[in-house]
Structure formats: structure tokens, C-alpha cells
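Asks: quick check, what structure comes out for this input:
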Amino acid sequence: MRPVESSALAVAPNSMETYLIMPYRDDLNRWLVVRLLANMQRVVVAHYRTESNADGYLRVIQRLIPDGKFLVVFDGDIKSDVCKDCR
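Replies: Numbering: from 1, shown residues only. Prediction:
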């Protein structure tokens with residue numbers, strides 16, 4: 001667990017009924033733009049606070065990379081496997 005850098009904290013239960021203390025700002029950017037790759041692999045391209053911002057970025061990146069497959073998803077898991085490198 002990394003050290004707390006902010007005074008605003010959120011207490012969130014994890015799957016083992018224990019509580020983690022995490023900075024509130026880590027809980028803000030929950031909308032992800034994900035690039036889908038071969039063999040069911042995925043890469044998180046960007047994080048956004050609102051779905052509309054993520055959709056706007058999705059439209060831009062689809063114009064820049066027309067052959068790429070992208071998706072906007074909501075990261076509902078507190079300790080997500082998709083976003084483990086981002087926190």
C-alpha cells in the first residue's frame with residue numbers, strides 16, 4: 001500500500017471485509033477509455049471523471065486510430081485489476 005499523500009481520505013471495504021484507507025482523488029477518475037487487443041487483452045488509455053469526457057476522448061482517438069477497437073467503461077471495483085498500474 002502506498003503512503004497517503006492527501007488529507008482527504010475515503011474508507012472503502014474490500015472483498016475480505018477489511019477496510020482500506022485511500023486518498024479521495026484516487027476515487028475520482030472512474031471512467032476509463034480502454035483499447036481492446038488480441039487474445040482478450042486490454043490497455044487502459046485514459047481516465048476521466050465524467051462519462052461525457054470519456055466519450056469525447058473516445059471519438060477523438062477513434063479518428064486518430066480508425067483500426068483500433070476502443071471502449072468506455074466504468075471502473076466500479078475499488079482495487080481494479082484493469083487499473084492496478086494507475087493507482
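Asks: shaky segments in the protein?
Replies: When residues are selected by pLDDT under 70, those of the chain lie in 1-27, 78-87.
Asks: can you give me the helices for it?
Replies: 51-64 (DSSP state H).
Asks: quick one, strands of it?
Replies: For the chain, strands defined by DSSP state E occupy the ranges 9-13, 19-23, 31-36, 42-48, 69-74.
Asks: by how many degrees do the third one and strand 42-48 diverge?
Replies: Orientation check (axes from the mean of the first three to the mean of the last three Cα atoms, to 10 degrees): strand 31-36 against strand 42-48 gives 160 degrees.
Asks: for strand 31-36, name the packing helices and strands.
Replies: Here strand 31-36 is seen to pack against strand 42-48, helix 51-64, strand 69-74 when contacts are counted using 3 or more Cβ pairs under 8 Å, 6 or more residues apart in numbering; DSSP states H and E. All C-beta spots, glycine's among them, are computed from the backbone N, C-alpha and C.
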